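**Student:** What follows is a predicted structure for the sequence shown.
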Protein chains: 2
Amino acid sequence: MGSATEEPGWKQRAVERSTQAAKIRAGQRVERFLDAAQVLMSEKGTTDFTVQEVVDHSRQSLRSFYLHFDGKHELLLALFEDALGHTAQRIRAAASEHTDPLERLEVAVRLLFELSRVSPTAQRPLFTDFAPRLLVSHPAEVKTAHAPLLTALAELLTDAAQAGLLRADVRPRRMAALIMQTVMFNAQSNRRGDNEPTHPLTADEVWTFCAHGFVPEDVALRATGNRAMSAARGQRGDPLRWPQSP
Amino acid sequence: MGSATEEPGWKQRAVERSTQAAKIRAGQRVERFLDAAQVLMSEKGTTDFTVQEVVDHSRQSLRSFYLHFDGKHELLLALFEDALGHTAQRIRAAASEHTDPLERLEVAVRLLFELSRVSPTAQRPLFTDFAPRLLVSHPAEVKTAHAPLLTALAELLTDAAQAGLLRADVRPRRMAALIMQTVMFNAQSNRRGDNEPTHPLTADEVWTFCAHGFVPEDVALRATGNRAMSAARGQRGDPLRWPQSP
DNA sequence: CACACTTCGAGAATATCATTCTCCAAAATC
DNA sequence: GATTTTGGAGAATGATATTCTCGAAGTGTG
């Protein structure tokens, strides 16, 4: 399955199903299913819509649906990939309006945060109930879906690194993953419980956290030298065990 | 066939005991359901077990199940709460073996990371497919389930703050939420895709990220002075919009 | 002990979906 | 025009959660 990580994973999969030149029609049908699903998702705010509903709204048939998709999960995956792809685009665009690498990163993080938190009735909800579900049921596919966004962030990080604006030991791709997860899930986590007055995290807080963590600079500077991280410890049968960094 | 004990002077106690006994029995039944569910979860590594299976393994009946639980989701919630509670306990215990506030925090973060990533066949899998599902379907309940862990982390942060080891603007409870989400989800995110050789994030990386973010200290120090971090901003229409700092 | 009352077991009955399958017609291909 | 492919309509299947029905066993009360 190791194909180019480039663009449309789902489209490839779906279109490959139809053999000959009628790929165009297949593509159009796939589009119709996706559009219908998008509408339904916006209306109901969840992915609880049934396949039957998608079929009805798209004025096609169940058979056709299963002809083009391996199942509902593939439809959701397609939507997911689509949303993430667009998000990556928007982030690139937003970042491109700035020149300072750190500013570009900040813009990216803030935008990602906002996009991750918009109501699921939005046009392309980045985050609905199905995202986490897919994460455990189809990790590989989710990974490819994440790729564009991951790459976009990694590029921004690489730029910043080359400008000497990042901690020396930051590895862009890995930090990109860390940031992506952090921002998206934290944006998601403070979904307003129907009644309770919550005090949701703000973009400011998330950005500052990603950028600086919680340790103040002076302590950080002090710490790098002397604190023997995890000097002595004795847990037995515990899953916690890491090499003591010298 | 039980015959009533005909001792004198029991009225009050009898009634009292009856309700109490009833409660105890109910509690035991609930326990049995929970135990059975736990076993099933460990065996199958997912929450895909059916309610019927839980019923069978616990040698009880469907009716009884729905008498004690509002539905499967409540059972899962109970398991989830249980796991989080135990996790909070373990973290407190681990932290208590250290004195330096930052070390205590480090231990907590690392342990949480490890616990969040252990195979779902573990005794009390902190993280299975259902956790994220519940996050969107029952946010309020999930919030209360998170509470113990959140509090534990917040306490550690408060200690560190009082020792002057945290950034001055860190608010413990909010930072605790941020850290909890970050650690748990990042631990989760690199589930090994069946084949692909992944390079999962390590506890080191996550801890360092939480502690210091990605900006090096010297840049951070420079930045606090001149870069007006989100000084003035006006959100309109587009979720992201702030003045480009010159 | 006999009666009312609560608590459950066993399992049938429903309801909801995803997914398949069957039959058939229209469209494309040869 | 014949054959193959594609697609529509919708019934059939299968898996589950959830309810419902019927009693039986247990418990407190006179």
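**Tutor:** Nice, thanks for sending it over. Numbering: from 1, shown residues only, chains lettered A, B, ... in the order given.
**Student:** so A:Gln38 sits right up against A:Arg124, yeah?
**Tutor:** Yes: between A:Gln38 and A:Arg124 there is a contact under CB atoms under 8 Å: 7.5 Å. In short, each C-beta sits where N, CA and C put it, glycine included.
**Student:** any idea how far B:Glu74 is from A:Val39?
**Tutor:** 32 Å (CB to CB, to the nearest Å).
**Student:** no no, A:Ala93
**Tutor:** 45 Å.
**Student:** Show me what counts as buried in the helix or strand containing A:Gln181.
**Tutor:** Following DSSP states H and E, one finds A:Gln181 within helix A:172-189. Buried positions in helix A:172-189, judged by neighbour count with 16 or more other CB atoms under 10 Å in any protein chain shown: A:172, A:174-189.
**Student:** about what we covered before: neighbour-wise, which of A:Ala93 and B:Glu74 wins?
**Tutor:** The neighbour comparison of A:Ala93 against B:Glu74 (other CB atoms under 10 Å in any protein chain shown) goes to B:Glu74, with 14 against 11.
**Student:** What score does the more buried one have for pLDDT?
**Tutor:** Here the pLDDT value assigned to B:Glu74 is 91.
**Student:** SS state for it?
**Tutor:** Three-state call for B:Glu74 (DSSP: H, G, I helix; E, B strand; the rest coil): helix.
**Student:** List the residues that contact whichever residue of chain A sits closest to chain B.
**Tutor:** Ranked by CB to the nearest CB, the top residue of chain A for proximity to chain B is A:Pro132, at 2.8 Å. Neighbouring residues of A:Pro132 by CB atoms under 8 Å, 6 or more residues apart in numbering or on different chains: B:Asp129, B:Ala131, B:Pro132, B:Arg133, B:Leu135, B:Val136.
**Student:** in chain A, which ranges drop under the pLDDT threshold?
**Tutor:** A:1-23, A:120-121, A:190-197, A:217-246 (pLDDT under 70).
**Student:** Run through the residues that contact the spatially most central residue of it.
**Tutor:** Nearest residue to the geometric centre of chain A (CA atoms, centre = their mean): A:His146, 5.3 Å. A:His146 sits next to A:Leu84, A:Met180 when contact means CB under 8 Å, 6+ apart.
**Student:** is it fair to say it lies in a helix?
**Tutor:** Yes: secondary structure assignment places A:His146 in a helix (three-state DSSP).
**Student:** these two touch, right, A:Leu105 and A:Leu156?
**Tutor:** Yes: using CB under 8 Å, A:Leu105 is in contact with A:Leu156, at 5.1 Å.
**Student:** I'd like to know how many residues surround the nearest residue to A:Ser58 once chain neighbours are set aside.
**Tutor:** Once flanking residues are discounted, A:Ser58 sits nearest to A:Ala36: 3.8 Å by CB to CB, 6 or more residues apart in numbering or on different chains. Neighbours of A:Ala36 under the rule other CB under 10 Å: 21.
**Student:** Distance-wise, check A:Ala36 relative to DNA strand C.
**Tutor:** In this view, A:Ala36 and DNA strand C are 13 Å apart by CB to the nearest atom of the strand, to the nearest Å.
**Student:** And for A:Thr50?
**Tutor:** For A:Thr50, the distance to DNA strand C - CB to the nearest atom of the strand - is 3 Å.
**Student:** For that residue, grab phi and psi.
**Tutor:** A:Thr50 adopts backbone torsions of phi -90, psi 160, taken as degrees, to the nearest 10.
**Student:** Would you quantify the distance from it to A:Asp35?
**Tutor:** Counting by CB to CB, the gap from A:Thr50 to A:Asp35 is 17 Å.
**Student:** who's more crowded, those two?
**Tutor:** A:Asp35 (13 against 10).
**Student:** No more questions from me, cheers.
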